[in-house]
Every structure is written in structure tokens, then in C-alpha cells.
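**Q** Sequence first, then the predicted structure, then my questions.
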Amino acid sequence: MSQTAPLKSVAVVGADDMLHRNADRHVVPYWRLWSACFLGFGAIGMTMQVMPAYAHERLGADAITAGLAVTIGSLATMFSRPISGRFADQSGGRRVAMVGAILGLIGGIGHIVATNLPVLILARLFLGAGEGALFTGSVGWILAHTAQSQRGKVAGHFGLSMWTGLASGPMLGTAILSIGTYRDVWIAASIIPMLSWVLVASTRPEERVSSGGTKIRRALFPRAAWVPGASGVFSSIGYGVVAAFLVPRFAALDFAGQNFALTVFGIAFIMIRFLGSGYADRFGARRVLLSAFLIEFVGLAGLFFTDVEWLAFAATAVTGAGLSLLLPSVTSLVTEAADPRERTAALGAVTSAWDLGVAIGGPLGGFVAGASNAGPFALGAVAALIAIAPLAINSKREHELVPPKQA
């Protein structure tokens, strides 16, 4: 196998074959990196679950400050992604992933020693920045050795490491706190990033894909990420709305199954992400991305209009399905358009756009929530439609720039 050959074994459907070929030094260690990211984001999820109560009970934080202690880590993740991507393009994803795990370790230790809010917030910044670097370096490393025809599927499946980690972490944090103390949670949140580092460090140095001898001016936000990133900011507002207002919306309608609302959303999201990640490769990234926006719009609009419980659950599942297809489609679109020498930076930029939309979705929804908590879903639905505009305008310009074929 040549050093630049696409590695089909990176795809999840071929993961078993990859495990059987560990002796081949050119095979990307998919499952080690997947597990490292799962653990890293599990540490974040673990601390997010218990942070509000800890900040209030032990450090005397008010509700706003306690909320800041929770979300500040996600803000650091958002800013670290494009920076990590740029370094990964220059020095390799393995090195960046290892640094990310070390930053996560420092953040975990910071939670242990924090005796006041400024130190705790600094620890949250380290933890969030570390996990952003861990994921960006890992996914960039994998996609650099994946054929373009498989990148949507591989990125979608690899992204599940982040989502399952964030979903599993709170359960682990709650379990530890039920038999121990906050300090025990922080110790676990320190050990877990160290395990991530061990997994990444145990891999062989990556084989860098040759990208030519010419130099380019590397940017934190490469041009290939501009249009998908603009669409991503608007489309991910819907996720921020769901996270903040889905349960309150069900509660306002007095639905008996309100405690299962986020579970239904999560199941739909993970199932469609697993089954549909290859759609972008099969049917075209732009087409699937536009379809995802429309599916998201239908789901959010349904949550705004309906007052029937089973329809609300159906709309919740539809919303999760639409949002689940965004990352595979955007990844396929961006990696095809980006220069290989700044591909990981472009990936970091578009995932940061997702983070930004999620971050502003909750606060914006709060302005229009009202007593029924319906307004945020109308806001998210409109944002999903607006997300279509950058892609549609850019597609029109691309067609105008294509010279007519000569007879």
C-alpha cells in the first residue's frame, strides 16, 4: 500500500478489517482515536452534569455564574477547533490530539485544586480547549487518509464518539457523585483524559499525505469553510433551541412523557447519523445538506404548531433526523473544496460554526419563549430556512462561473 493511498478500512463498515490489519503501519488507528474522543467528551459531559450544583453549593455562585461555569468550556472548544486544525495541517493530527488530551488532563486537575470561581473557570477553559483539539486532530488525521467518496460516512460515524461521550458522561458523573463526592468526580475527569492520551500515544506516527511542495498562506478560517460555516451557524440554532426548550415545551403542554423528550431526540439523532452518514457520499453533499435543512424545518415547525403529544414526539424525532445529517454533509462538502494543506483547519472552522449556533440558540430562544415555550421553535425553524440561502447563492455563482462547453 502506498503512503498516499486512500484507506477504505477507515470506514466503520470496514472497521473489523482494519483491526485485522494492525500490522500494516499505514492503517489509521480508527478505533483508538474513536475511543480517545469518546473518553475525552465523556469527561466534559461528566463535569457538566454536576457543575451547576457544585458552583452554587461550594463556591457560592449565583444562577448566571453557575451557568457560565457550565458553558464556558464549550466556548473554549469552539475557539480551539480552527486553531487546532491549522496546527494539525502543519504538524499532523496525532501531535495535536495528544496535546488536546494533555490540556484536558490539566483542566481536570484544575477542577480538583480550584477553590474559587476564577480558577474553576480557567480549568473549564483548559478542559474545553483540550477536547476540541483532541477531536479536531483525530478526525483530520482520519479523513486525510480516507477517499473523498467515503468522507461523509466516516466523519458521521466518527462524530458519534463525541455525541455518545457527551451522553454517557452525565450518567457516569451522577453515578460517581451518588457514592462519593465532587472531588471524586474531578479525579475521574482527570484520569479519563490521561487514558485518551495513552490511546493516542500508543499509535504509530502518522503517514503524512503529500500535498505538494508549494506554500500557501494558511488561514484560521479557510475559504472552503465560509459558505458551509454560514449555513451551519443558522442550522445549529435549532439544536440549541431543542437542548434548552424541548422539555419546557412538553411541560407547558402538560405531556405525560415530557421526561422522554430528549431521549427520543437523542435516539433519532444517533440512529439516523449511523444509518444515513453515507447519504452525502452517495447522493451528493449539497443535495443531502439542503434536504437536512428542510427536514429540520419541518420538525421544528411541528414542535411550534402541535399540541398533540404523539405528533410532538414525531416532530422531535424528525428534528433529530435532520440535525444528524449536517456533519456528514458539511464534512464531505468542505473536504472536497478545501486545499489538502488546510483541510483540517476548514473542518475545525465549520464545526466551530456549529458550536456558535448552538451557543446562541438558547439565549435567542429565551427572548421569544413566552408561557408556552413555543416561540423558540419558530425561531429555529426560520433559522433552518435561512441556512439554505448561503448554499443556494453560492451554487448560483458557481454555475455562472462555469464556462459553457464548446461544441
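**A** Ah, there it is. Model, not experiment: these values are computed from the prediction.

**Q** who does the host helix or strand of Trp163 touch, helix- and strand-wise?
**A** Using DSSP states H and E, the element containing Trp163 is helix 151-179. Contacts defined by 3 or more Cβ pairs under 8 Å, 6 or more residues apart in numbering; DSSP states H and E place helix 151-179 against helix 30-59, helix 117-144, helix 182-201, helix 261-276, helix 279-283, helix 326-337. For glycine as for every other residue, the C-beta is placed from the backbone atoms N, C-alpha and C.

**Q** Put the alpha carbons of stretch 310-323 into PDB.
**A** The C-alpha trace of stretch 310-323 is given here as PDB (Å, rounded to 0.1, in the frame of the first residue of the first chain):
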ATOM      1  CA  TRP A 310     -47.700  11.800  19.700                       C
ATOM      2  CA  LEU A 311     -47.300  14.500  17.000                       C
ATOM      3  CA  ALA A 312     -44.800  16.400  19.200                       C
ATOM      4  CA  PHE A 313     -42.800  13.200  19.700                       C
ATOM      5  CA  ALA A 314     -42.800  12.600  15.900                       C
ATOM      6  CA  ALA A 315     -41.700  16.200  15.300                       C
ATOM      7  CA  THR A 316     -38.900  15.700  17.900                       C
ATOM      8  CA  ALA A 317     -37.700  12.600  16.000                       C
ATOM      9  CA  VAL A 318     -37.800  14.400  12.700                       C
ATOM     10  CA  THR A 319     -35.800  17.300  14.100                       C
ATOM     11  CA  GLY A 320     -33.200  14.900  15.400                       C
ATOM     12  CA  ALA A 321     -33.000  13.200  12.000                       C
ATOM     13  CA  GLY A 322     -32.500  16.500  10.100                       C
ATOM     14  CA  LEU A 323     -29.800  17.700  12.500                       C
END
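
**Q** got the buried residues for it?
**A** For stretch 310-323, burial by neighbour count (16 or more other Cβ atoms under 10 Å) applies to Ala312, Phe313, Ala314, Ala315, Thr316, Ala317, Val318, Thr319, Gly320, Ala321, Gly322, Leu323.

**Q** Please name the residues that touch the third one.
**A** It refers to Ala314. Ala314 sits next to Gly302 when contact means Cβ atoms under 8 Å, 6 or more residues apart in numbering.

**Q** ok, so what distance separates it from His111?
**A** Counting by Cβ to Cβ, to the nearest Å, the separation of Ala314 from His111 is 40 Å.

**Q** Kindly report the same for the first one.
**A** Taken as Cβ to Cβ, the spacing of Ala312 relative to His111 amounts to 38 Å.

**Q** go on, the last one?
**A** In this structure, Leu323 and His111 are separated by 30 Å, where distance is defined by Cβ to Cβ.

**Q** thinking Asn336 is in contact with Ser149, fair?
**A** Not quite, residue 336 is Glu, not Asn. No. Glu336 is not in contact with Ser149 according to Cβ atoms under 8 Å; the separation is 10.0 Å.

**Q** joint contacts of these two?
**A** What both Glu336 and Ser149 touch, as defined by Cβ under 8 Å, 6+ apart, is an empty set.

**Q** what about Asp281, how many neighbours?
**A** Look at Asp281: counted by other Cβ atoms under 10 Å, it has 23 neighbours.

**Q** How about it: what's its closest non-neighbour residue?
**A** Excluding the flanking residues, the one nearest Asp281 by Cβ to Cβ, 6 or more residues apart in numbering is Gly152, at 4.5 Å.

**Q** one step back: closest to Ala201 among the buried residues of stretch 310-323?
**A** Within the buried residues of stretch 310-323, distances to Ala201 taken as Cβ to Cβ reach their minimum at Leu323, with 33.7 Å.

**Q** shaky segments in the protein?
**A** 1-26, 207-218, 395-407 (pLDDT under 70).

**Q** quick one on the thing from earlier: the helix holding Trp163: which residues count as buried?
**A** Neighbour-count burial for helix 151-179 [16+ other Cβ under 10 Å]: 151-170, 172-173, 176-177.

**Q** Next, the angle helix 182-201 makes with it.
**A** 150 degrees (axes from the mean of the first three to the mean of the last three Cα atoms, to 10 degrees).

**Q** what's the distance between helix 151-179 and the middle of its chain?
**A** Mean C-alpha position of helix 151-179 versus that of the full chain (Cα atoms, centre = their mean, to the nearest Å) differs by 11 Å.
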